[in-house]
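# All I have is the shape, not the residue letters:
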């Protein structure tokens, strides 16, 4: 199996660094999906909403085929629907993989020992229910807690994106004063013996697009890492803000947009309700063009 | 609804500070359960294993009824079985609640904004699939990321256990140098305006039992917090090690044991296979007695 870092490099060279987040906000789906769970409650609601979310997600995958390098399902939106939601996530991930889209499972898991192994089987491992190409992880329990996931990368050609620096309110209260830099150090060390022909290893980092000054320093500290950049589009980051996350060769960053691609912007509501797939594809193409122009300019 | 901190105080005064972790290690279940999934693979395996895990879990709940104050299902062990595993978790949590056991859902979630809201619905919120009494959370994304969970505590009388200091290998690499103390500061501040008649608030902390010297300092820094103490029993912590996590009044700590209660110790294999419920109950009673003696002595 070609390692994740190399598979992602091929996909990004082909399509651009475009990752589409699959965040099924139930109140934002097109009306004909919302009607399937409106007025329902409890288990009946969750079953109906999970069915609608799966149908919607399959349509989104169709719409972005050939445009996106990767998709990033946000696990929380599926788990809030209980077992039927998790079944929908499984079906959606299987379909994305079959279409050749790389799957970044946004799960932000972090635990120790046999529990970490359990989460690895739940998310990444090909013998488990999802077998995603990569997964997001939290570093609070220390480097050893990430080891089972690293072993899976080595054995099955998978990838990780470890939370390093996020752009949300009050993230500084935890990540400032050298903490983010410490995690970057672990990541850099892990990649050194694991990098392929593109000088990219399996252990990526999550670095928010709205702190570009810090992004430059973290980019330099992790030269062999993919950086997953959330916050583009709806969360306030611009294409230019993502630039410090790229390497000189134009690789090394994967930019994610969720709401900005999936749903209607002001003035687009009628077109969205009439044909959300056409609008999603248009948003994704605009994102790809904007990121391409960034590197051409 | 009586707040979680007060409900836990009543349960601990009645039963002792005994929390039983529900960690279905598939290779450690009694043989007649293991036979239900031996030799199977893929989705067939997960469906069969989830069924066995639910049956096993219901028997464990029966065995510890009247002995434990709380149970702590370890979410990873269910999620590794995919949607059927999550359905088993839902059934097990519902049963525990119906039996009057407080549920500490060990999920270690941590995310931001609408995603954090999604995880709150997935775990804690009574309108969601589980509606656990409390949930474990990771603080890496900063204090604001925990806000949706805190709101649910305020609205529905729920509780949180935030990772502060863990006893696993290499935890120091993240939590030393003031990081754990910083998180303790957030917790203490949140509880100040939320504490009830027992001077205990909804925001608890996870503090490992194998670092007793630090536990004393963290106990003093969070006078109104419940502390969830893992690491007792199989993970190397002794009853005496948990003492610094208690307040002078004997409240404030909830001690968890998983493998040490659930499975056979050396020499117990035959009795375990013949009647695991009797052995589980015996282990739980021994744990309760040991913790009681600690406070009497």
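Looks like it arrived, so ask away. Only a predicted model underlies this, so the values are computations on that prediction, with no experimental measurement involved. Residues are numbered from 1 along each chain as shown, chains lettered A, B, ... in the order given.

# quick one: the strands in chain A?
For chain A, the strands defined by DSSP state E cover A:18-22, A:70-73, A:102-109, A:134-137, A:159-165, A:203-207, A:227-229, A:253-257.

# quick one: average confidence on the longest one?
Going back to what we said before, that points to strand A:102-109. Averaged across strand A:102-109, the pLDDT comes to 98.

# any chance of the strands of chain A in TSV, plus mean neighbour count?
Just so you know, the C-beta spots here come from the backbone N, C-alpha and C atoms, and that holds for glycine as well. Formatted as TSV, the strands of chain A follow (neighbours: other CB atoms under 10 Å in any protein chain shown):
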stretch	mean neighbour count
strand A:18-22	27
strand A:70-73	26
strand A:102-109	26
strand A:134-137	28
strand A:159-165	26
strand A:203-207	28
strand A:227-229	28
strand A:253-257	28
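
# Distance to chain B added to those, as a markdown table?
Below are these laid out as a markdown table (distance: least, CB to the nearest CB, whole Å):
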| stretch | distance to chain B |
| --- | --- |
| strand A:18-22 | 10 |
| strand A:70-73 | 11 |
| strand A:102-109 | 5 |
| strand A:134-137 | 9 |
| strand A:159-165 | 6 |
| strand A:203-207 | 10 |
| strand A:227-229 | 14 |
| strand A:253-257 | 13 |
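
# For the residue nearest the centre of chain A, which residues are in contact?
Among the residues of chain A, the one closest to the centroid is residue A:72, at 3.4 Å (CA atoms, centre = their mean). Contact analysis of residue A:72 by CB atoms under 8 Å, 6 or more residues apart in numbering or on different chains lists A:19-22, A:103-106, A:228, A:256, A:258.

# give the contact list for the residue of the stretch 151-297 of chain A found nearest chain B.
For the stretch 151-297 of chain A and chain B, the shortest gap (CB to the nearest CB) falls at residue A:170, measuring 3.8 Å. Shown in contact with residue A:170 (CB under 8 Å, 6+ apart): B:142-145.

# what about it, distance to residue B:136?
20 Å (CB to CB, to the nearest Å).

# next one: residue A:214
From residue A:214 over to residue B:136 the distance is 29 Å, taken as CB to CB.

# Low-confidence ranges, the stretch 101-250 of chain A, go.
A:209-210, A:234-236 (pLDDT under 70).

# so how many other residues sit close to residue A:293?
Look at residue A:293: counted by other CB atoms under 10 Å in any protein chain shown, it has 10 neighbours.

# That one: what's its closest spatial neighbour, skipping adjacent residues?
Using CB to CB, 6 or more residues apart in numbering or on different chains and skipping the chain neighbours, the partner closest in space to residue A:293 is residue A:239 (7.7 Å).

# so that neighbour touches residue A:291, yeah?
Yes - look at residue A:239 against residue A:291 with CB atoms under 8 Å: they come within range, at 5.8 Å.

# The two - which one has more neighbours?
residue A:291 (23 against 18).

# Phi first, then psi, for residue A:167.
phi -110, psi 10 (degrees, to the nearest 10).

# Could you report the neighbour count for it?
Neighbour tally, residue A:167, other CB under 10 Å: 22.

# ok, now residue A:42?
11.

# what about it, distance to residue B:238?
44 Å.

# cool, and residue A:43?
Noted for residue A:43: a distance of 43 Å to residue B:238, by CB to CB.

# How about the contacts made by residue A:292?
Residue A:292 makes contacts with residue A:16, as judged by CB under 8 Å, 6+ apart.

# Okay, now stretch A:132-143: how far is its last residue from its first?
End-to-end distance of stretch A:132-143: 21 Å, with CA to CA, to the nearest Å as the criterion.

# swap that for stretch A:173-186, sorry
Separation of the first and last residues of stretch A:173-186 by CA to CA is 21 Å.

# Mind checking if that stretch is in reach of chain B?
Yes - shown here: stretch A:173-186 in contact with chain B (CB under 8 Å from any CB of the partner chain) through A:173-175, A:179, A:182-183, A:186.

# Tell me who's in contact with the residue lying closest to residue A:67 once chain neighbours are set aside.
Among residues not flanking residue A:67 along the chain, residue A:284 sits closest, at 4.4 Å (CB to CB, 6+ apart). Contact partners of residue A:284, counting by CB under 8 Å, 6+ apart, are A:18, A:20, A:63-64, A:67-68, A:261.

# just to revisit the earlier point, in CSV: the strands of chain A, plus distance to residue B:9.
Output for the strands of chain A, formatted as CSV (distance: least, CB to CB, whole Å):
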stretch, distance to residue B:9
strand A:18-22, 42
strand A:70-73, 40
strand A:102-109, 31
strand A:134-137, 35
strand A:159-165, 35
strand A:203-207, 39
strand A:227-229, 43
strand A:253-257, 44
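
# closest to residue B:123 out of those?
Counting by CB to CB, residue B:123 lies closest to strand A:102-109 out of those; the figure is 13.5 Å.

# just checking, what packs against the closest one?
In this structure, strand A:102-109 makes packing contacts with helix A:4-15, strand A:70-73, helix A:75-79, helix A:82-98, helix A:113-123, strand A:134-137, judged by 3 or more CB pairs under 8 Å, 6 or more residues apart in numbering or on different chains; DSSP states H and E.

# just checking, residue A:78 touches residue A:53?
Yes - proximity of residue A:78 to residue A:53 meets the contact threshold set by CB under 8 Å, at 7.1 Å.

# list the contacts for residue A:108?
With CB under 8 Å, 6+ apart, residue A:108 has these contacts: A:136-138, A:163, B:109-111, B:138.

# Residue A:180 now?
By CB under 8 Å, 6+ apart, residue A:180 lies in contact with A:164-165, A:214, A:218.

# Farthest pair within those residues?
Greatest spatial distance among these (CB to CB): A:164 and A:214, at 9.5 Å.

# which residues are common contacts for those two?
Going by CB under 8 Å, 6+ apart, residues that sit against residue A:164 and also against residue A:214 are A:180, A:207.

# what pairs with the residue nearest to the centre of chain A across the strands?
On the basis of DSSP bridges, residue A:72 is bridged to residue A:21.

# For it, give its distance to residue A:104.
4 Å.

# what sits in contact with each of those two?
Counting by CB under 8 Å, 6+ apart, the common neighbours of residue A:72 and residue A:104 are A:19, A:228, A:256.

# need the contact list for the residue located most distally from the centre of chain A.
Here chain A reaches farthest from its C-alpha mean at residue A:39, the gap being 31.4 Å by CA atoms, centre = their mean. By CB under 8 Å, 6+ apart, no residues touch residue A:39.

# what's the pLDDT at it?
Residue A:39 is given a pLDDT of 97.

# Likewise for the one 4 residues further on?
The per-residue pLDDT reported for residue A:43 equals 98.

# And it, how close does it get to chain B?
Counting by CB to the nearest CB, to the nearest Å, the separation of residue A:43 from chain B is 8 Å.

# Quick one: neighbours of residue A:249, just the number.
11.

# next one: residue A:176
13.

# And it, how far from residue B:182?
Here residue A:176 is placed at a distance of 10 Å from residue B:182 (CB to CB).

# Please report how far residue A:54 lies from chain B.
Residue A:54 is 12 Å from chain B, by CB to the nearest CB.

# does that residue really touch residue A:88, like I thought?
Yes - counting by CB under 8 Å, residue A:54 touches residue A:88, with 4.0 Å between them.

# Contacts for stretch A:19-28, please.
With contact meaning CB under 8 Å, 6+ apart, stretch A:19-28 is reached by A:34, A:37, A:49, A:53, A:56-57, A:60, A:64, A:68-74, A:77-78, A:92, A:104, A:106, A:228, A:230, A:254-259, A:261-263, A:284, B:114-115.
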